[in-house]
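# compute the structure for the input listed below.
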Amino acid sequence: MKRLYILLALFCLLISGCGNPFSGQPQATSTPITAVAPHWGVRAKTSGCAVRGPLQDPDCTPGDIFLNATREQVCTPGYASAVRNVSTSTKRRVYAGYGITKRLPGQYEVDHLVNLSIGGSNDISNLWPEAINPRPGAREKDRVESYLHDQVCAGTISLQQAQIEIATNWLNVYNRLPANEKTPATNGSGSP
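The predicted structure is shown next:
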């Protein structure tokens, strides 16, 4: 079923004005499609996972999405909070899969690879222990998540394209962000 969805998502990308990413023709969107959709929810392994710098292990955390999430839903205020549902036992399994037995408070956060605000799911295949430091880390990925959500809601990129880009390599998106999008918002005192 998931393979069918991937094929349908790619077909939709091709007919929705994005152009054929294999034709050599320019893309109609401002953000090119750089990869094909991951195998949503299909984990190649459940233990022995290892982060790759600021990126997850794609064999353990390929990403997963709510197949029926729409742009209208994810752009409705409160959507992400309404669907968030990750138990403490699931978080423990995520840490165990990545071999993290000890951690300091605030060292990691169990993060959704494809964030809820662009249709990511709560499945363990979409979760990984993301380090806060060194940078780029969790806070920089948060900026990518906000940026992609804003782009989807503005109609600049499709929901499917945003999901693929963040699952494939969120760091590539971060490196393309405009400078003002990389800077954290401040509370007026100069602190984020």
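# distance of the residue nearest to the spatial centre of the chain from T168?
Closest residue to the average C-alpha location of the chain: V114 at 2.6 Å, with Cα atoms, centre = their mean. Separation of V114 from T168 (Cβ to Cβ, to the nearest Å) stands at 10 Å. C-beta here means a position set from N, CA and C on the backbone, and glycine is covered the same way.
# and the helices in the chain, which stretches?
For the chain, the helices defined by DSSP state H cover 2-13, 71-74, 79-83, 88-97, 138-154, 159-176, 179-182.
# mind putting the ones you listed into TSV with distance to P129?
Shown next, in TSV, are the helices of the chain (distance: least, Cβ to Cβ, whole Å):
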stretch	distance to P129
helix 2-13	24
helix 71-74	24
helix 79-83	20
helix 88-97	5
helix 138-154	10
helix 159-176	15
helix 179-182	23
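# so for C60, which of these sits nearest?
Each of these has some distance to C60 by Cβ to Cβ; the shortest is helix 88-97, at 5.7 Å.
# ramachandran angles for the spatially closest residue to P136 that is not a sequence neighbour?
Of all residues not flanking P136 in the chain, P54 sits nearest, at 5.0 Å (Cβ to Cβ, 6 or more residues apart in numbering). When quoted as degrees, to the nearest 10, the phi and psi of P54 stand at phi -90, psi 0.
# quick one on the thing from earlier: distance of the residue nearest to the centre of the chain from P134?
In terms of Cβ to Cβ, V114 sits 23 Å off from P134.
# number of residues surrounding the closest residue to H112 other than its chain neighbours?
If the residues on either side of it in the chain are set aside, H112 comes closest to G120, at 4.6 Å by Cβ to Cβ, 6+ apart. G120: 27 surrounding residues under other Cβ atoms under 10 Å.
# so who does the residue nearest to W170 when sequence neighbours are not counted touch?
The shortest distance from W170 to any non-neighbouring residue, by Cβ to Cβ, 6+ apart, is to V144 (5.0 Å). V144 makes contact with 166, 170, 173-174, 177, according to Cβ atoms under 8 Å, 6 or more residues apart in numbering.
# what residues are up against I65?
Contacts of I65 (Cβ under 8 Å, 6+ apart): 40, 114, 119-121, 126, 163.
# how about low-confidence regions in the chain?
1-37, 184-192 (pLDDT under 70).
# what number of residues lie near the closest residue to V42 other than its chain neighbours?
Using Cβ to Cβ, 6+ apart and skipping the chain neighbours, the partner closest in space to V42 is P62 (6.1 Å). A count of neighbours around P62, defined by other Cβ under 10 Å, yields 22.
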